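Asks: Sequence unavailable; structure follows:
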């Protein structure tokens, strides 16, 4: 249905229905993930592997790794996010479930928020593991917890929102795996920049420097969530 | 490299790139409009451009 | 209304020829001014002549082409103004924009080498431009994906608008990033950033911008015409068959 018809329908049923739809979709995605365990069995080990490989690449001299920890952490999250987002659409593409999703009458904005929320949850779980990873592997002392958590929440939400929106553009296409990273790079670059700088500031014990970056992340996340909510209807439509 | 060499490189590159594009567009225009005007059945090697989306009949509003 | 505006692309051939002639004339004047008549600059010497290419291509790629693509994409998505014409305009403008953006980066780099001593630097403008290039390429990649043209057009339009929204964010973030470092770099030398532009140099710059703008307009006329021809004469039946066969294969073979 057209975005306006879908929106009208959503309004008629009350605003709560959008969030109910989001919840339904998020729960479904997480259930699929829990059953297949790809996140646990593949994405987490891959992310840890990347952390370890960075140590080899950067000569594992403690100073370098510790100073670069913020950036390395978020680079790893980025790689994992790409995998997670691609997986988010695999489940649907495989057995025509995408058409089912469209015809289900679920609000497009709800589907967007649900899928993005599922990705956020998976990524935040991964980030906890990676945080432990950098403490152990890079000899980092976690500091500035408020700044770190704010950064993580906003950056992860922004990554997921943008990733799901672009993932929808590339979904179901055979070139999906090469198209998604290309599309998503210009959008993820500022997130990576801001998240890494904020994290560096927190870890270095100078959080004052990091908060402006969090503001930028907030703007970014707001823009992309809004954009996804508005555009997902148009993306979901087939002619 | 002297400055003149840099200038030459820049102008050469620009002229080459723009020129190539202009030639490509004009040639494509000629090929396609010839086919429009004449032989719809003749399918040359470059006849199906996968690049630009083509419309299916009736879908145009 | 939409059918007429698409067919209107076919008319006006005489106007386009006049435009082409004007473009050629202005280009000739530009080259004459840029390479022969205008003086070298005090600090940069002859390499300043590259700016008469770099500035207009930058204006073209960053503002004109991108602006047109974004506007046309919005017009395409807005139900009241939806027309395949806007999709063709958006695509053509992006293609021309990518060409000129590439040239902007290349000529800028060639200019930068004798001027700053480096081929590249991560200052906000350059970084944003590089990221924008990737965004453009992503947009064009989305357009080439086979399938229903209406669906492709819609997706591409969304991607274009997403990029439009993203650019100020990129620029702002890189600005902040660079401002945190003590700017001890050569870019601080304002003599190099703002060359002493004498009257004749200013005129040359103006002429070059006009010439390239005319070039853009002329190229757009022809490129949109090509897009229209591809739409009507190109491979309608084949494209439709491809979409159908692909759909068959998907349901049968679980692509």
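Replies: Happy to help now that I have it. Model, not experiment: these values are computed from the prediction. Residues are numbered from 1 along each chain as shown, chains lettered A, B, ... in the order given.

Asks: Every contact and neighbour count from this point should use C-alpha atoms.
Replies: Noted.

Asks: what residues does stretch A:20-37 touch?
Replies: A:39, A:88, A:91, A:106-107, A:109-118 (C-alpha atoms under 8 Å, 6 or more residues apart in numbering or on different chains).

Asks: Against which helices or strands is the helix or strand where residue C:154 lies packed?
Replies: In the assignment (DSSP states H and E), residue C:154 maps to helix C:149-179. Counting contacts by 3 or more C-alpha pairs under 8 Å, 6 or more residues apart in numbering or on different chains; DSSP states H and E, helix C:149-179 is packed against helix A:145-170, helix A:176-203, helix A:207-236, helix C:66-77, helix C:84-116, helix C:124-144.

Asks: Can you lay out those helices as CSV showing distance to chain B?
Replies: As requested, the helices and strands packed on helix C:149-179 are exported to CSV (distance: least, C-alpha to the nearest C-alpha, whole Å):
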stretch, distance to chain B
helix A:145-170, 16
helix A:176-203, 15
helix A:207-236, 17
helix C:66-77, 11
helix C:84-116, 5
helix C:124-144, 5
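
Asks: Reformat these into a markdown table and put mean neighbour count and mean pLDDT next to each item.
Replies: Formatted as a markdown table, the helices and strands packed on helix C:149-179 follow (neighbours: other C-alpha atoms under 10 Å in any protein chain shown; pLDDT from 0 to 100):
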| stretch | mean neighbour count | mean pLDDT |
| --- | --- | --- |
| helix A:145-170 | 24 | 93 |
| helix A:176-203 | 23 | 89 |
| helix A:207-236 | 21 | 90 |
| helix C:66-77 | 23 | 95 |
| helix C:84-116 | 23 | 93 |
| helix C:124-144 | 20 | 89 |
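
Asks: could you dump those to JSON lines with distance to residue A:65?
Replies: Converted to JSON lines, the helices and strands packed on helix C:149-179 look like this (distance: least, C-alpha to C-alpha, whole Å):
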{"stretch": "helix A:145-170", "distance to residue A:65": "18"}
{"stretch": "helix A:176-203", "distance to residue A:65": "12"}
{"stretch": "helix A:207-236", "distance to residue A:65": "19"}
{"stretch": "helix C:66-77", "distance to residue A:65": "40"}
{"stretch": "helix C:84-116", "distance to residue A:65": "32"}
{"stretch": "helix C:124-144", "distance to residue A:65": "25"}
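
Asks: nearest to residue C:46, of the ones you listed?
Replies: helix C:84-116 (10.0 Å; C-alpha to C-alpha).

Asks: what's the angle from the closest one to helix C:149-179?
Replies: Interaxial angle of helix C:84-116 relative to helix C:149-179 (axes from the mean of the first three to the mean of the last three C-alpha atoms, to 10 degrees): 30 degrees.

Asks: Which elements pack onto helix C:84-116?
Replies: Under the contact rule (3+ C-alpha pairs under 8 Å, 6+ apart), helix C:84-116 is packed against helix B:3-37, helix C:2-7, helix C:51-58, helix C:66-77, helix C:124-144, helix C:149-179, helix C:199-229.

Asks: By mean pLDDT, show me the worst of those helices.
Replies: Looking at those, the lowest mean pLDDT belongs to helix C:2-7 (a mean of 47).

Asks: Tell me the first helix or strand C-terminal of it.
Replies: Helix C:2-7 is succeeded, C-terminally, by helix C:13-31 (DSSP H and E).

Asks: Tell me which residues are up against that next one.
Replies: For helix C:13-31, using C-alpha under 8 Å, 6+ apart, the contacting residues are C:204, C:207, C:208, C:210, C:211, C:212, C:214, C:215, C:217, C:218, C:221.

Asks: The same query, at a cut-off of 6 Å, please.
Replies: Residues from elsewhere that reach helix C:13-31 (C-alpha atoms under 6 Å, 6 or more residues apart in numbering or on different chains): C:208, C:211, C:214, C:215, C:218.
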